[in-house]
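Q: Based on what follows, work out the 3D shape:
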Amino acid sequence: EVQLVESGGGSVQAGESLRLSCKATGYTFDEYAIGWFRQAPGKEREGVACFRSSDGQTYYKDSVKGRFSISGENTSPTVYLQMNNLKPEDTAVYYCVADCDSYPPRYWGKGTLVTVSG
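A: This next block holds a predicted model:
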């Protein structure tokens, strides 16, 4: 059974950085593309970043390009989302997902809240 556990959310000021982590069990990067979705208050869930190890392809939502970066350690396996220059519109619950190149992704973590003020 695939399980995904996120950590690293919190409250920051605009312009600051956060790094989210997702520890995966029952899964390796070769099986599914892995990445992050988010859901802001009153809005639908949206894909933020997705990495597919089979061909090395990485996807970023346009509004986060140049600010967010996805990386991972297949030995753990753990995936990270480095978020720099955060903006208030980045405020959302962030979900680690496996099978992120499908919609909806097959596996979801419980989410971690990121709040950006200022």
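Q: Identify the spatial nearest neighbour of the residue nearest the centre of the chain, chain neighbours not counted.
A: Nearest residue to the geometric centre of the chain (CA atoms, centre = their mean): Trp36, 2.5 Å. Spatial nearest neighbour of Trp36, excluding adjacent residues (CB to CB, 6 or more residues apart in numbering): Val48 at 4.5 Å. Heads up, the C-betas are built off the backbone N, CA and C, glycines and all.
Q: From Gly26, how far out is that neighbour?
A: Val48 sits 23 Å away from Gly26, going by CB to CB, to the nearest Å.
Q: related to what we said a few turns ago, give me the number of residues near the residue nearest to Trp36?
A: 25 (other CB atoms under 10 Å).
Q: isn't it right up against Ala40?
A: No. Val48 is not in contact with Ala40 according to CB atoms under 8 Å; the separation is 11.1 Å.
Q: Who does Thr25 form a beta bridge with?
A: Beta bridges link Thr25 to Gln3, judged by DSSP bridges.
Q: again with the one 10 residues further on
A: For Gly35, the beta-bridge assignment (DSSP bridges) gives partners Cys50, Val97.
Q: residues in contact with it?
A: The neighbours of Gly35, taking CB atoms under 8 Å, 6 or more residues apart in numbering as the test, are 47-51, 59, 70, 79, 96-97, 100, 105.
Q: which one among these gets closest to Asp30?
A: Nearest to Asp30 out of the contacts of Gly35 is Phe51 (CB to CB; 11.8 Å).
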